[in-house]
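Trainee: My questions are about this predicted structure, shown below with the sequence.
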Amino acid sequence: MQYTSDSLWLEILETLGETANNDIYLHQVSPQTLDEETFYIAVPSDYTRDEIENRFLSDINQLLAGIISPGCELVISVDTTLAIIPESEKTELETEDIIPVTTGLNPNYVFDNFCVGQSNRICHATAYAASQDLGGEYNPLFIYGGVGLGKTHLLHAIGNCVQDVSPKRKVLYVTSETFMNEYIDSIMNRTSAHGFRSKYRKADLLLIDDIQFLQRKEGTQEEFFNTFNDLYLNSNQIVMTSDRSPSMLENLEERLSSRFEWGMVAEIDKPNFELRLMILKRKCEEQGFDNIPDEVLHYIAEIVTANIRELEGTLVSLKARASLLDEKLTIDLARSVLNDTATLTRSNSRNRIVTAETIQKIVADHFQLQSNDLTSAKRTKGLVYPRQIAMYLCRELTQLSLIDIAEVFNRQNHRTITYACEQIEKQLEDDETKKIIQILTAELT
């Protein structure tokens with residue numbers, strides 16, 4: 001990830017956790033500039049500088065060595081023009097909700113267009129029941145399952161259903177990463193703390209997507225714990241999604257994961273053939289695809305088994321390909337295209353278990369490196385590209401979450417993985433990178 005001075009300081013505060021959250025001196029810092037060797041910050045007084053140096057300098061330098069480069073260090077200057085908000089002015093500002101509140105809901109995700117089958121029937125039923133009885137038997141509701149199986153669709157469907165029946169209800173959908181970023185902003189800007197807490201703790205229905213990203217975020221976990229308690233005690237509904245069950249969430253406070261199990265925990269599984277076919281037919285209706293033969297839909301449903309997102313994407317891609325080639329979408333064209341794309345490779349990857357360790361070894365061998373080079377803190381030009389290739393393949397060919405991938409590469413933040421994957425995706429237009437990905441994928445699967 002390419003850090004700015006502001007984003008780096010936010011990362012440091014989050015990693016330091018609750019100690020930093022409650023420290024008045026750290027919140028007087030104004031980040032200045034950043035390079036490979038030095039991170040410059042400014043504070044309003046000599047006393048503030050001394051307090052930070054005495055209590056936090058060693059820990060911050062250690063973090064900088066891991067995040068930026070081994071030799072990077074913190075340098076603190078004093079700038080007396082940096083104003084501290086007077087308590088009287090601060091109190092006046094805190095009386096307002098500074099963070100604007102919007103629902104965040106996607107109106108296209110409703111219960112009516114959610115395809116129900118054996119793999120998701122329980123999740124659908126409990127989600128609908130929760131929407132009809134906020135704060136009732138299914139509070140909190142925790143839905144977990146793999147990527148692209150419909151968890152986010154159900155979250156939005158709950159919110160939209162509540163909004164349709166009771167427009168005055170305060171409904172809020174966010175990802176856990178949005179919650180974390182707004183929380184960090186609130187502690188950086190002390191005047192917005194009241195608005196942040198008011199936004200989340202006054203919601204009648206709070207919908208949190210990808211709660212697993214709170215792992216290893218001690219300060220954010222503490223804030224969400226307090227938010228959860230406030231909402232639950234006031235019988236306000238909480239619905240969360242995750243890629244794994246509460247008991248399987250690591251580096252999460254036990255008091256938090258146990259609360260996730262207070263209400264209902266429901267698993268959403270991969271769709272069977274009948275449900276996959278139903279989803280494809282529904283997609284055809286929505287997109288106006290009225291000339292696709294049933295045998296083509298059956299073939300796609302048999303071949304693409306990973307998740308709903310990939311299933312729908314394959315259908316749209318095939319339709320687009322047929323249109324560009326000015327051909328009818330026949331079973332022969334479907335076979336030809338699917339056999340020529342990574343979709344088939346990913347769908348059939350279950351035939352051979354691909355692990356992060358295997359990917360690291362294959363990639364290291366290809367680039368004539370050692371596996372531990374890919375997990376080291378070195379940032380030389382000859383290592384960055386192979387490391388990003390390995391991270392991209394881990395995301396594409398394994399069931400690991402971004403947090404898990406960050407851990408196996410000894411990275412402190414999953415955003416490093418996101419950035420690496422984005423860089424490789426941009427370079428896939430380059431024939432050389434595309435060829436490398438195809439060769440490594442074939443060898444792995």
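Mentor: Yes, it's here. None of the values given here were measured: they were computed from a predicted structure.
Trainee: Spatially nearest residue to Gln237, not counting backbone neighbours?
Mentor: Residue nearest to Gln237 in three dimensions, not counting chain neighbours: Leu134, with 4.0 Å by CB to CB, 6 or more residues apart in numbering. In short, each C-beta sits where N, CA and C put it, glycine included.
Trainee: Torsion angles phi and psi at that neighbour?
Mentor: phi -60, psi 130 (degrees, to the nearest 10).
Trainee: where do the helices sit along the stretch 1-150 of the chain?
Mentor: In the stretch 1-150 of the chain, the helices defined using DSSP state H, counting those that start in this stretch lie at 5-16, 18-21, 46-67, 87-94, 121-132.
Trainee: Same list (those helices) but as JSON lines, adding distance to Asn291 and mean pLDDT.
Mentor: Converted to JSON lines, those look like this (distance: least, CB to CB, whole Å; pLDDT from 0 to 100):
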{"stretch": "helix 5-16", "distance to Asn291": "49", "mean pLDDT": "82"}
{"stretch": "helix 18-21", "distance to Asn291": "58", "mean pLDDT": "64"}
{"stretch": "helix 46-67", "distance to Asn291": "53", "mean pLDDT": "87"}
{"stretch": "helix 87-94", "distance to Asn291": "60", "mean pLDDT": "41"}
{"stretch": "helix 121-132", "distance to Asn291": "31", "mean pLDDT": "94"}
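Trainee: can you redo those helices as JSON lines with mean neighbour count and distance to Val384?
Mentor: Listed next are these as JSON lines, based on neighbours: other CB atoms under 10 Å; distance: least, CB to CB, whole Å:
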{"stretch": "helix 5-16", "mean neighbour count": "19", "distance to Val384": "18"}
{"stretch": "helix 18-21", "mean neighbour count": "16", "distance to Val384": "30"}
{"stretch": "helix 46-67", "mean neighbour count": "16", "distance to Val384": "15"}
{"stretch": "helix 87-94", "mean neighbour count": "12", "distance to Val384": "44"}
{"stretch": "helix 121-132", "mean neighbour count": "19", "distance to Val384": "41"}
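Trainee: Can I get those in JSON lines including distance to Pro246?
Mentor: Shown next, in JSON lines, are the helices of the stretch 1-150 of the chain (distance: least, CB to CB, whole Å):
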{"stretch": "helix 5-16", "distance to Pro246": "22"}
{"stretch": "helix 18-21", "distance to Pro246": "22"}
{"stretch": "helix 46-67", "distance to Pro246": "29"}
{"stretch": "helix 87-94", "distance to Pro246": "34"}
{"stretch": "helix 121-132", "distance to Pro246": "15"}
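Trainee: These: which one's closest to Phe409?
Mentor: helix 46-67 (12.2 Å; CB to CB).
Trainee: what's that closest one packed up against?
Mentor: Using 3 or more CB pairs under 8 Å, 6 or more residues apart in numbering; DSSP states H and E, the elements in contact with helix 46-67 are helix 5-16, strand 38-43, strand 73-78.
Trainee: Paired strands for the last one, with orientation please.
Mentor: Read it as strand 73-78. Paired neighbours of strand 73-78 in the sheet (DSSP bridges): strand 38-43 (parallel).
Trainee: What residues of the strand it pairs with count as buried?
Mentor: Neighbour counts over strand 38-43 (16 or more other CB atoms under 10 Å) mark Phe39, Ile41, Ala42, Val43 as buried.
Trainee: The helices of the stretch 1-150 of the chain: which one's closest to Val408?
Mentor: With CB to CB as the measure, helix 46-67 is the member of these nearest Val408 (15.6 Å).
Trainee: Verify the stated contact: Lys202 with Lys170.
Mentor: Yes. Under the contact definition of CB atoms under 8 Å, Lys202 touches Lys170, with a separation of 6.2 Å.
Trainee: Could you list the low-pLDDT ranges of the stretch 201-350 of the chain?
Mentor: Along the stretch 201-350 of the chain, the model assigns pLDDT under 70 to residues 339-350.
Trainee: could you pull out the strands for it?
Mentor: 205-209, 237-242, 264-267 (DSSP state E, counting those that start in this stretch).
Trainee: Let me have the ones you listed in CSV, adding mean neighbour count as columns.
Mentor: Formatted as CSV, these follow (neighbours: other CB atoms under 10 Å):
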stretch, mean neighbour count
strand 205-209, 25
strand 237-242, 26
strand 264-267, 19
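Trainee: Tyr109: which of these is closest?
Mentor: Closest of the strands of the stretch 201-350 of the chain to Tyr109 is strand 205-209, at 11.0 Å (criterion: CB to CB).
Trainee: contacting residues around the closest one?
Mentor: With CB atoms under 8 Å, 6 or more residues apart in numbering as the test, strand 205-209 has contacts from 104, 134, 151-152, 155-156, 158-159, 162, 169-176, 179, 200, 227, 231, 236-241.
Trainee: What's the separation between the nearest residue to Glu295 once chain neighbours are set aside and Glu285?
Mentor: Excluding its sequence neighbours, the residue lying closest to Glu295 (CB to CB, 6+ apart) is Ile331, at 5.0 Å. Using CB to CB, to the nearest Å, Ile331 is found at 21 Å from Glu285.
Trainee: and if you look at Leu369?
Mentor: As for Leu369, its distance to Glu285 is 50 Å (criterion: CB to CB).
Trainee: Cross-check the contact I'm expecting between Glu177 and Asp210.
Mentor: Yes. Contact status for Glu177 versus Asp210: in contact at 7.1 Å, counting by CB under 8 Å.
Trainee: more neighbours, the two?
Mentor: Asp210 (21 against 17; other CB atoms under 10 Å).
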